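In: Below: sequence and its predicted model.
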Amino acid sequence: MDLSTNYLGLKLRTPLVPSAGPLCEELDNIKKMEDAGASAVVLHSLFEEQLSLEAYELDRSLTQGTESFAEAQTYFPEMQSFRLGPEDYLEHISKAKESVGIPIIASLNGVSDGGWIDYSKKIQEAGADALELNIYYIPTDMEMTGEQVEDKYISILKAVKEVVNIPVAVKLSPFFSNIANMAGKLDRAGANALVLFNRFYQPEINLEELEVEHNVLLSTPQARRLPMRWIAILYGKVEADLAATSGIHTGKDALKMLMVGSKVTMLCSVLLKQGIDKMKEIETEIVEWLEEHEYESVEQLQGSLSQKKCPEPSAYERAQYMKILKTFHIA
């Protein structure tokens, strides 16, 4: 069975790629991922804040004035919560490249047009095969327009593309008024791939402590449906590769993402919950399904149920919403 796929100009053995997350901070885990069948690895993100100031200055600026209102201390991470600093991150890339034979995709997380963008060139020099831009931006200025928000993404992408030659992916948020239009803009601005979707941090309230809580909410298989729908709609309309992330926990989840047009299916929560070796089980499930349904390759499957090729294109649009509501019966 030919499971190979092409993503970011890289020939990958399978579509299974661990996404940016804490597991990728350890070199031993990256080796285990390769042994478990990962075809590439996206390293955990290096944050703009780690690059904007020296460690001492950042720590001082984040804690300054916190005595004025106690809850302010919980809004920002302390320096020790950042596992790897800028120089350590570059060394991590180099060591990963030396230790494994699969492509290493670095990840940058930022929101401004600042100097962190220039760091992408150092990431390229460290040996990264590609770069994923995780633009984590939550606009709260009531005077800021949707067009201004979109322009921020485009300007960051263009600035990075000017200083690197390696392929660049953009990890998108689903919170645009027109995702299709935004995808088109990023495609024309030079994005080599679009990763759908970024799962933004959502705060929680602790009713006993009367404070905001910060914790990671891992994805469930149900989270797969949102990126699956938009990959299906975008397939064939943009030149950029499409990558699926969030809610992929089984081989069947991965197969569905491939059917709508994704080049790779990214795994994170399932590996955190069930261990890195879960990837072997997912690959086996993919192979067994393909053999049972007489497919010869993953490429033969890709995009077969996208909106472009679906016998019922309206299945991804509003018409089905009305049909579902009319036919649903309460037990």
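Out: Okay, I see it.
In: residue boundaries of the helices in this structure?
Out: If you assign secondary structure with DSSP state H, the helices in the chain sit at 27-35, 48-52, 55-63, 86-99, 119-125, 146-163, 179-188, 225-234, 251-260, 269-274, 278-292, 298-301, 318-327.
In: could you redo those as a markdown table and give each row distance to residue 244?
Out: C-beta: built from backbone N, CA, C; applies to glycine. What follows is the helices of the chain, written out as a markdown table (distance: least, CB to CB, whole Å):
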| stretch | distance to residue 244 |
| --- | --- |
| helix 27-35 | 18 |
| helix 48-52 | 26 |
| helix 55-63 | 34 |
| helix 86-99 | 23 |
| helix 119-125 | 24 |
| helix 146-163 | 20 |
| helix 179-188 | 14 |
| helix 225-234 | 5 |
| helix 251-260 | 4 |
| helix 269-274 | 13 |
| helix 278-292 | 13 |
| helix 298-301 | 13 |
| helix 318-327 | 20 |
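In: what's the closest of those helices to residue 209?
Out: Ranking the helices of the chain by proximity to residue 209 (CB to CB) places helix 55-63 first, at 20.8 Å.
In: Quick one: mean pLDDT over that closest one.
Out: Across helix 55-63, pLDDT averages out at 49.
In: which stretches of the stretch 51-200 of the chain have low pLDDT?
Out: In the predicted model of the stretch 51-200 of the chain, residues 52-84, 115 satisfy pLDDT under 70.
In: Neighbours of the nearest residue to residue 203 once chain neighbours are set aside, how many?
Out: The shortest distance from residue 203 to any residue other than its chain neighbours is 5.0 Å, reached at residue 212 (CB to CB, 6 or more residues apart in numbering). By other CB atoms under 10 Å, 12 other residues sit near residue 212.
In: thought residue 212 was touching residue 205?
Out: Yes. Using CB atoms under 8 Å as the test, residue 212 is close enough to residue 205 to be in contact (6.4 Å).
In: ok, back up a step: relative to residue 110, which of the helices of the chain is closest?
Out: Sorting those by CB to CB, the top spot, which is the nearest, belongs to helix 48-52 at 3.2 Å.
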